[in-house]
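**Student:** pasted the sequence and its predicted model underneath.
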Amino acid sequence: MPCTPLQPGYFNRLGLPGLPCEACPSNAFCAGGTALPSPDPGFYAEQSAPFTMYPCNPSSVCDGNFTCAKGYRGRMCYYCAPGHYR
């Protein structure tokens, strides 16, 4: 089924209109149309290929939408931001 601009819960991997849709991955938000998935709070994904969501440990370090909680940075929001420590 082609993706339409207002079809939440679906996406297409190339982000181009008129291509077939896929269901949104688990633990992700899909706005529909050409928007790619973004991770839910507590999950991490690579922005360049957001098709698999990984649980953060602890979940509180990942705010969702490719954003780390305050004081965290990097892949899986694993690293402390400058001026922060564990």
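**Tutor:** Structure's in. What do you need?
**Student:** are we agreed that residue 76 is in a helix?
**Tutor:** Yes. Read with DSSP: H, G, I helix; E, B strand; the rest coil, residue 76 is one of the residues of a helix.
**Student:** surely it meets residue 45?
**Tutor:** No. Between residue 76 and residue 45 there is no contact, the gap being 9.9 Å when judged by CB atoms under 8 Å. The C-beta positions use only the backbone N, C-alpha and C, and glycine is treated the same way.
**Student:** neighbour count: the two, which is higher?
**Tutor:** Remark: of residue 76 and residue 45, residue 45 carries more neighbours, 24 against 16, as counted by other CB atoms under 10 Å.
**Student:** list the contacts of that one.
**Tutor:** Applying CB atoms under 8 Å, 6 or more residues apart in numbering to residue 45 gives the contacts 28, 37, 38, 39, 51, 52, 53, 54, 66.
**Student:** make CSV from the residues you listed and add distance to residue 7 and pLDDT to it.
**Tutor:** Shown next, in CSV, are the contacts of residue 45 (distance: CB to CB, whole Å; pLDDT from 0 to 100):
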residue, distance to residue 7, pLDDT
28, 15, 98
37, 13, 95
38, 16, 97
39, 20, 98
51, 17, 94
52, 21, 96
53, 20, 97
54, 25, 97
66, 22, 97
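**Student:** brilliant, that's me finished.
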